[in-house]
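Enquirer: Kindly return the folded structure for what I paste below:
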Amino acid sequence: MHVAVPVTLLYGGLIALLITFLGVQVSRLRGAHGVGIDTPLPPELVRPVRAHGNAIEWAPLGLILLLAIELSGAGTRFTLHLAGGTLLLGRVLHAAGFYGRNKLSMVGAALTYLDVAAMAIWAIVIRFQIYGP
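Expert: The predicted structure is shown next:
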């Protein structure tokens, strides 16, 4: 059976590339600083580790919601791309802000929170529209 979820496939792939990039950076820095899994993190690694960890914490939730909404058939291509694009932008800005030590991380976090909350409410509304009380 073929199920069409082109929007989630796009943003899932792009966000997976972002998370992979962030993970490779952490591994590279760990190697450069001789930091193992049981070694305390030097200050130079705290931000890269948290940028990667934060992406891992938030991206799956957003992608699951995006997939559920897309599978429900309730979203238009535009609204789905808006939700997926906002999730991706939020994650990129958050990571860039962590690396650049600037307020982009707060902007990215806020975008992510708003996007995930909007998709959560959207999913709940869809549930009641389709299945009733």
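
Enquirer: mind checking pLDDT for the most far-flung residue of the chain relative to its centre?
Expert: The C-alpha centroid of the chain is most remote from Pro133, which lies 31.0 Å away (Cα atoms, centre = their mean). Pro133 carries a pLDDT value of 87.

Enquirer: so where's the longest helix in the protein?
Expert: helix 43-72 (DSSP state H).

Enquirer: and that one, what's its mean pLDDT?
Expert: On average, helix 43-72 scores 96.

Enquirer: And for stretch 105-123?
Expert: Mean predicted lDDT for stretch 105-123 stands at 97.

Enquirer: buried residues in that stretch?
Expert: Residues 105, 107-109, 111-112, 115-116, 119, 122-123 are the ones in stretch 105-123 that count as buried (16 or more other Cβ atoms under 10 Å). Where C-beta positions appear, they are placed from N, C-alpha and C, glycine not excepted.

Enquirer: Could you do stretch 29-36 as well?
Expert: 29-30, 35.

Enquirer: Now tell me what touches that stretch from outside.
Expert: 41-42, 44-45, 48 (Cβ atoms under 8 Å, 6 or more residues apart in numbering).
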